[in-house]
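>>> Make a model of this:
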Amino acid sequence: MNHYKILLLEDEKDAAELVIRILSKYNIDITHYDDARLALPKLKSERFDLIISDIMMPVIDGFTFLEKAGDWGNDTPVILLTAYSQKENIMKAVDLNVSSYLVKPFEANNLLSKICQAIQIQETDLLKRTDLPFVFETRVQFQDTLSLMLYGIPAFDHVDRIKEKLDEIKSPDAIKTVKLHVSNDLCYHPQYKSILQKLLLDVIDRCKVTLQNIHFLGSFFQNNLDSKNELSVAVRNSQ
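Numbers count the residues shown, from 1 in each chain. Below is the predicted model:
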């Protein structure tokens, strides 16, 4: 279950928002900078599956950014964005081993196709969030057992709705045991770890239970055996 990390370098607000709007519908994590200088340290400290970069940017243009990145051996695939197809730009892109380039304006399908080619995946590997609609349910059983069911892929506004749903629980102080059911669909969300960590912290705060009284159930934890321990450690460190 993959999600893909893309570094976007684009100083034009409308162009950046267009790319983000297209890609945020899928299992893609986008990190955006409008100043390429600020992106260089990020590229050194994190691994990205793809770089999408405008050519014409202030201070450091796309080519200079790629040259600097190449100086310390970065080989992340690159798609260049350009307002016009100039022969000299194309030749320079070839010299820098750029995977592909797109002439603005471009259609969403063209962008997605170029991305799949660059990172060598099938278009079916890009999963639309709407194909797995998000469902979060709470259910109190035997007065002292709270079952939480989380299915599908949360949109960005769903995280706040989870907290609102928890606030609706009646008599939270009576809860002694929490059963957390999570489907494997959550793996497609780029921030699934932080979503689960926040959910657990909210549950512990709301119901005053301990981690020992929380049972991790569902296909997510079955298929990601290390996630339970990682999550428990992260929650302890955050308390």
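>>> Kindly list the single helix or strand of this protein that scores lowest on mean pLDDT.
Least confident helix or strand, the chain: helix 87-95 with a mean of 68, by mean pLDDT, DSSP states H and E.
>>> Next secondary structure element downstream of that one?
strand 100-103 (DSSP states H and E).
>>> what's the closest non-adjacent residue to T145?
Distances taken as CB to CB, 6 or more residues apart in numbering put T177 closest to T145, at 4.7 Å, once the chain neighbours are dropped. Every residue, glycine included, has its C-beta placed from N, CA and C.
>>> pLDDT at the one you found, what is it?
Listed pLDDT for T177 reads 93.
>>> Would you agree it is in contact with Q212?
No - counting by CB atoms under 8 Å, T177 does not reach Q212; the two are 10.0 Å apart.
>>> Can you pick out the residue with more neighbours from these two?
T177 (16 against 8; other CB atoms under 10 Å).
>>> ok, that one to L186 distance?
From T177 across to L186, the span is 22 Å (CB to CB, to the nearest Å).
>>> With K114 instead?
For K114, the distance to L186 - CB to CB - is 28 Å.
>>> What of P154?
8 Å.
>>> which residues are in contact with both of those two?
I195 (CB atoms under 8 Å, 6 or more residues apart in numbering).
>>> residues near D205, how many?
Neighbours of D205 under the rule other CB under 10 Å: 13.
>>> how close does it get to T145?
D205 is 18 Å from T145, by CB to CB.
>>> Can you read off the pLDDT for S85?
On pLDDT, S85 comes in at 62.
>>> tell me what the longest helix seen in the chain is packed against?
In the chain, ranked by residue count with DSSP state H as the criterion, the top helix is helix 192-207. Applying 3 or more CB pairs under 8 Å, 6 or more residues apart in numbering; DSSP states H and E, one finds that helix 192-207 contacts strand 145-151, helix 158-167, strand 177-182, strand 214-217, helix 227-238.
>>> Only the buried residues of it, if you could.
Buried residues in helix 192-207, counted by 16 or more other CB atoms under 10 Å: 192, 195-200, 203-204, 206-207.
>>> in this protein, which segments are predicted with low confidence?
The chain contains residues with pLDDT under 70 at 1-2, 84-91, 94-95, 156-159, 225, 239.
>>> what do you get if the cut-off is 50, keeping everything else the same?
Counting by pLDDT under 50, the chain shows low-confidence ranges at 1.
>>> Taking the centroid of it, which residue is nearest it?
Nearest to the geometric centre of the chain sits P190, at 2.5 Å (CA atoms, centre = their mean).
>>> any idea how far that one is from P133?
18 Å.
>>> what distance separates the start and the end of stretch 168-177?
Terminal residues of stretch 168-177 lie 17 Å apart, using CA to CA, to the nearest Å.
>>> oh, I was asking about stretch 26-38
Length of stretch 26-38, first residue to last, CA to CA: 26 Å.
>>> what does stretch 169-186 give?
23 Å.
>>> What residues sit buried inside that stretch?
Neighbour count says stretch 169-186 has 169, 172, 175, 177-186 buried, by 16+ other CB under 10 Å.
>>> residues in contact with that stretch?
The contact list for stretch 169-186 (CB under 8 Å, 6+ apart) reads 1, 132, 138, 140, 143-154, 192, 195-196, 199-200, 203, 206-209, 213-224.
>>> which parts of the helix or strand hosting Q222 are buried?
Taking DSSP H and E as the criterion, Q222 maps to helix 219-223. For helix 219-223, burial by neighbour count (16+ other CB under 10 Å) applies to 220-221.
>>> doesn't F136 make contact with R161?
Yes - if you go by CB under 8 Å, R161 and F136 touch, sitting 7.1 Å apart.
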